[in-house]
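Trainee: Sharing a model that was predicted from the sequence below.
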Amino acid sequence: MTHPPAIRFHNLTLGYGRHKVIQHLNMSIPHGALLAVVGANGAGKSTLFKALMGELKPLGGSIHLHGVGLRELAYLPQRAALEQNFPIDVHDCVAMGLWRQVGAFGAVSATQESRIAAALASVGLDGMRHVPLSRLSGGQMQRALFARLLLQDAPVILLDEPFNAIDEKTIQDLLALIQQWHQQGRTVLAVLHDRERVRRHFPTALLLAEGQTRYGATAKVLEQVPERGIA
Ligand SMILES: Nc1ncnc2c1ncn2[C@@H]1O[C@H](COP(=O)(O)OP(=O)(O)OP(=O)(O)O)[C@@H](O)[C@H]1O
């Protein structure tokens, strides 16, 4: 079964001033895709996500979202170290995932509180709701950010290096959540560096590399890339 496109890049060129990072990218990502975005450092993986989020204007070409509003994209940027210094606890950080429903200063209803509790339980942080973010380990912080994504309930989820500097047990738990999102029909794009993980868990891949951008079934995309080619 082929799904209609959720995201289409049309002759897309991205960069900063005169520095072009991605050039003339043409591809469609179907609804429900589970896609790994791979490529060497500086290949433009984060740049592509920033453009998808509307944070960076294309130098050329265009990005089309089909059946998905810009506000329906959930985005987990590369390790938000800064965010961990915010003087809030785990509960309030996760509750921010509800901002579309309650607004920035709205009160959280009893139903929403139970959704927050369920999200915390799904990431294994149920006992930590009142712990300040500054006391969390890297893995626990990433669990909290995934709980927030759960509450956002977005049809399209962008994860930029979600497993960077995270312990293996957390990675496995978060991978299980990603699989759940995939089974629910959400579109998930994740920037990853670990080739084996990509092979095992992501059916499709986009390789960004100067002159040899490739998109399709993961095994095919990775087959001619040198062992260190995406790290
Ligand atoms: N704000 C910026 N201003 C100017 N150049 C930038 C900016 N952000 C990124 N770049 C440059 O654009 C290129 C692509 O950067 P990007 O962060 O998208 O790469 P990446 O594939 O995500 O790399 P990594 O795997 O290291 O995170 C790099 O050469 C980088 O130096």
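Mentor: That came in fine, so what should we check first? Since the structure is predicted, the reported quantities are computational estimates derived from the model, not experimental observations.

Trainee: for the ligand, what are the nearby residues on this structure?
Mentor: Within the chain, the residues that sit near the ligand (C-beta under 6 Å from any ligand atom) are 16, 19, 21, 39, 41-47. Heads up, the C-betas are built off the backbone N, CA and C, glycines and all.

Trainee: In helices, which of those residues appear?
Mentor: Mapping these onto helices (DSSP state H) picks out 45-47.

Trainee: Just among those, which is most surrounded?
Mentor: Neighbour counts for those (other C-beta atoms under 10 Å) peak at residue 45, which has 27 neighbours.

Trainee: Distance check, that residue against residue 20.
Mentor: Relative to residue 20, residue 45 is positioned 15 Å away (C-beta to C-beta, to the nearest Å).

Trainee: first to last residue in stretch 24-42, what's the distance?
Mentor: 17 Å (C-alpha to C-alpha, to the nearest Å).

Trainee: ok, now stretch 143-159?
Mentor: 13 Å.

Trainee: what comes into contact with the worst-scoring helix or strand of the chain on mean pLDDT?
Mentor: Of all helical and strand segments in the chain, the minimum by mean pLDDT, DSSP states H and E falls on helix 99-102, at a mean of 72. Identification of contacts with helix 99-102 by C-beta atoms under 8 Å, 6 or more residues apart in numbering yields 71, 108-109, 112, 152.

Trainee: Please save the CA atoms from it in CSV.
Mentor: Output in CSV follows, covering the C-alpha atoms of helix 99-102 (Å, rounded to 0.1, in the frame of the first residue of the first chain):
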residue,chain,number,x,y,z
TRP,A,99,0.5,24.0,25.1
ARG,A,100,-1.5,23.7,22.0
GLN,A,101,-4.5,22.7,24.1
VAL,A,102,-4.1,24.9,27.2
